[in-house]
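Asks: any chance you could fold what I've pasted below:
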Amino acid sequence: MTSTDVRKDAEDSGPSGYAAARLRLLTEGARSGPPRRAALAELTDDWLTGLFTAGNEALKGVSLVAVGGYGRGELSPRSDLDLLLLHDGSDSGAVAALADRIWYPVWDLGLALDHSVRTPAEARKTAGEDLKVQLGLLDARHIAGDLGLTASLRTAVLADWRNQAPKRLPELQELCAERAERQGELQYLLEPDLKEARGGLRDATALRAVAASWLADAPREGLADARRRLLDVRDALHLTTGRATDRLALQEQDQVAAELGLLDADTLLRQVYEAARVVSYASDVTWREVGRVLRSRAVRPRLRAMLGGGAKPAAERSPLAEGVVEQDGEVVLARAARPERDPVLPLRAAAAAAQAGLPLSLHAVRRMATAVRPLPTPWPAEAREQLVTLLGSGQPTVDVWEALEAEGLITRLLPDWERVRCRPQRNAVHIWTVDRHLIETAVRASEFARRVSRPDLLLVSALLHDIGKGWPGDHSVAGEIIAKDVAARIGFDRADVAVLATLVRHHLLLIDTATRRDLEDPATVRSVAEAVGTTSTLELLHALTEADALATGPAAWSSWRASLVADLVKRVAAVLSGDAPEEPEAGAATAEQERLAIEAVATGGPVLALRAQTEPPSEDEPAGDPEPLGVELLIAVPDQPGVLPAVAGVLAMHRLTVRTAELRALDLPVGVEGSVLLLNWRVAAEYGSLPQAARLRADLVRALDGSFDIAARLAERDAAYPRRRGVVAPAARVTVAPAASRHATVIEVRAHDAPGLLHRIGRALDEAKVRVRSMHVSTLGSNAVDAFYVTGAEGTPLPAEEATAVARKLEETLRG
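Replies: Reported below is the predicted structural model:
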């Protein structure tokens, strides 16, 4: 039966004809989705037009108007009819009689009706007082009667909305935020409200209202499809339950999935989550743009007055990383950025944004998504470091990750992510989808970066520990295989790949054993020790276990569980305690190192050598220029106090990021007198080009002779830049490693990497009157993991009390 036939039946038979035609329309399988909603709206229009015109052909100055969802033509099977009877006020008695003739037949059919009778002036006044009324009127659509009356109201309402937008949009944003607080996020709920939850139909309608204000517009790509999908699910929910409900209850999900022709309830939820994610991201971007425009409007008059009415000043751009700058509170690409030549740019931009606590601009993400070529396999070292930095940035990681995912960049970087993306977890303990849980685990793990010697492995294992979900069988076993492949692809060596695979395979081992086994049984402890293998892996697994539980939900972790796991870890560590570290043996000096050392003795000052480090192209790339790893900087300096803080300070002043660093005393050739310190650094420019070696040496000479106050210069530079909210990193942790060396006291520093960090450490150790015999510095993402082998003035290890005092004072310095 065609829609024309359905409408004819409705017109011929009055209310009963409309009811029968409506029933046929909703039960016939030929139409669904937007065509059925449009047909239902059209059928209802025709019926209401008949009610309006029956015996009232001569009534002037009155019109029947659909508003809200009905005004948009989005009638679901059990939707309310939102109607406004608009009149010019000339004959209130006739209007009241007309209202009765329309409303009562609607009620007689059992249809929900939201109705009002107003003049245009009354409608505008009510809209000005009630934001929800104003939003409904934005979708006003003429049904019957005086078309000019309806059109004039629409024009006036839109004009009012645009004029009042600076005031009303913040109210609308607050309304959306309050609703989200009450209803939760649609993309994570097992029983979501399709309309009221964040990312649902109400938010999609709010985005239409923002667009109608002409103040800002939502990202349109995918938004219409997301809205359609949510409406389709609501239609199916109404049909299967026979109720006007928007809550997708667990017991109804299988029926709704079948109504939509989907495989199962999980497939249904995944589609709902994907749609909600599109709406949520569009909302975030849109409200950010609204805020930016409103701030700009507020500042512009004052700025023009200060500038004497001159031209609009250009927005300030502050560099964050190579090819990445901050502008108007967002992270954007620098003008010189070339995404098509820089495959690491998405990760570098994301890491910079998360570290600064700023959002990635939509334009930047889309430009990178369309222009950036894929990363080679294995990834360059910088790509891996930027991924670790992103994962270690705490809560800001979530929004930045979602921005990349919205444009498909995450699945391009990590194809295995597709299986866990938007995957529901039908477990009351879990509060997130699988993919969000993995990111939340990384956020939690970043808080424990000071507890482990390899925070990079902790963060990547957090990202991958549930990557096997969605595959048949035990997700830990499947995840181990996937983790090996991913870890090798992103550039970890074989030893690190093995550790990551172990962490993923056994990420439930500690909590399951601690809560279900007898810890007094030596066999239990031995089995865990055999699975873990080393104390360093045990340390990582302990931190991963806690991060995983905390990211699962409030019911997954407690002080009791924490104490059981800590007890198990202590027992396992005792079994594995035979692998205490020893001070690494220094290799023989190379010819170049000896040359630099002899020259340093001859000149009495520092000597430098810069050498680019590269790695060969990957197997799947054609031979060509190797990938740069950074620059190796060799410095030989006659042994004297203050070498470490001077060198580290000069590098910080030149904006050189330290990736690794080593310091040791060099044995000189026979016949050459003097003592020389050799410092071997791998550095990279934060942005821009590297400084010349001659400039570095000149500044280092001045720093060593005291004519260059590095601390003051670094403080001045920091003060010159605006303070960003950025990452709230875990506090620095400084410990004395027991029995780590027979020749020196080993002080371990774990801190958030920042410009001038090594300079501050070096100054503190100098002030403590200790001598740095050697050091081993690593920057793993945004985490510095450093070990300093120090002695007293006489060259022997520090007494225990003195070592503890030095460590405590250094920790206070770094936390201050």
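
Asks: quick check: buried residues in stretch 235-251?
Replies: Judged by neighbour count using 16 or more other Cβ atoms under 10 Å, the buried positions of stretch 235-251 are 235-241, 245-248. Heads up, the C-betas are built off the backbone N, CA and C, glycines and all.

Asks: number of nearby residues for K60?
Replies: A total of 13 residues lie near K60 under the criterion other Cβ atoms under 10 Å.

Asks: helices of the stretch 51-200 of the chain, start to end?
Replies: Taking DSSP state H, counting those that start in this stretch, the helices of the stretch 51-200 of the chain run over residues 68-71, 92-108, 120-129, 131-137, 147-183.

Asks: reformat these as JSON lines; add mean pLDDT and distance to L347.
Replies: Compiled in JSON lines, the helices of the stretch 51-200 of the chain are given as follows (pLDDT from 0 to 100; distance: least, Cβ to Cβ, whole Å):
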{"stretch": "helix 68-71", "mean pLDDT": "94", "distance to L347": "42"}
{"stretch": "helix 92-108", "mean pLDDT": "93", "distance to L347": "57"}
{"stretch": "helix 120-129", "mean pLDDT": "96", "distance to L347": "48"}
{"stretch": "helix 131-137", "mean pLDDT": "95", "distance to L347": "40"}
{"stretch": "helix 147-183", "mean pLDDT": "95", "distance to L347": "30"}
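
Asks: closest one to E274 among these?
Replies: Closest of the helices of the stretch 51-200 of the chain to E274 is helix 147-183, at 18.4 Å (criterion: Cβ to Cβ).

Asks: tilt between the closest one and helix 120-129?
Replies: For helix 147-183 against helix 120-129, the angle by axes from the mean of the first three to the mean of the last three Cα atoms, to 10 degrees is 20 degrees.

Asks: helices or strands next to the next helix or strand after helix 147-183 in the packing?
Replies: Per DSSP states H and E, the first helix or strand lying C-terminal to helix 147-183 is helix 201-212. Using 3 or more Cβ pairs under 8 Å, 6 or more residues apart in numbering; DSSP states H and E, the elements in contact with helix 201-212 are helix 131-137, helix 147-183, helix 223-241, helix 265-306.

Asks: can you tell which of these is closest to R526?
Replies: Of all the helices and strands packed on helix 201-212, helix 265-306 sits nearest to R526, with 39.6 Å by Cβ to Cβ.

Asks: what packs against the closest one?
Replies: helix 147-183, helix 201-212, helix 223-241, helix 250-259, helix 396-406.

Asks: that older thread, output the helices and strands packed on helix 201-212 as CSV; include the columns distance to E794.
Replies: Below are the helices and strands packed on helix 201-212 laid out as CSV (distance: least, Cβ to Cβ, whole Å):
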stretch, distance to E794
helix 131-137, 77
helix 147-183, 64
helix 223-241, 71
helix 265-306, 61
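
Asks: for the ones you listed, which one sits closest to W560?
Replies: Of the helices and strands packed on helix 201-212, nearest to W560 by Cβ to Cβ is helix 147-183, at 30.8 Å.

Asks: next, the angle from the closest one to helix 201-212.
Replies: Using the same axes, to 10 degrees: helix 147-183 against helix 201-212 is 130 degrees.

Asks: what's the angle between helix 147-183 and helix 265-306?
Replies: Orientation of helix 147-183 against helix 265-306 (the same axes, to 10 degrees) gives an angle of 110 degrees.

Asks: ok, D753 - contacts?
Replies: By Cβ atoms under 8 Å, 6 or more residues apart in numbering, the contact set of D753 is 657, 779, 782-784.

Asks: export the helices and strands packed on helix 265-306 as a markdown table, with columns for distance to E340.
Replies: A markdown table is the format used below for the helices and strands packed on helix 265-306 (distance: least, Cβ to Cβ, whole Å):
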| stretch | distance to E340 |
| --- | --- |
| helix 147-183 | 37 |
| helix 201-212 | 32 |
| helix 223-241 | 28 |
| helix 250-259 | 42 |
| helix 396-406 | 18 |
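
Asks: so which of the ones you listed gets nearest T377?
Replies: helix 396-406 (19.3 Å).

Asks: identify all contacting residues around the next helix or strand after that closest one.
Replies: With elements assigned by DSSP H and E, the helix or strand that comes after helix 396-406 is helix 409-413. In this structure, residues lying in contact with helix 409-413 by Cβ under 8 Å, 6+ apart are 346-347, 365, 368-369, 372, 374-375, 401, 404-405, 417-418, 421.

Asks: distance check, I490 against D342.
Replies: According to Cβ to Cβ, to the nearest Å, I490 stands 17 Å off from D342.

Asks: these two: who's more crowded?
Replies: Neighbour count, other Cβ under 10 Å: between I490 and D342, I490 has more, with 21 against 18.

Asks: hang on, isn't H87 packed against A97?
Replies: No: the pair H87 / A97 is not scored as a contact, 11.8 Å apart, by Cβ atoms under 8 Å.

Asks: who's more crowded, these two?
Replies: Per other Cβ under 10 Å, whichever of H87 and A97 has more neighbours is H87, with 26 against 13.

Asks: ok, the more buried one - contacts?
Replies: Applying Cβ under 8 Å, 6+ apart, the residues near H87 are 61-63, 95, 117-119, 149.

Asks: now with 6 Å, please.
Replies: Neighbour list for H87: 62, 95 [criterion: Cβ atoms under 6 Å, 6 or more residues apart in numbering].
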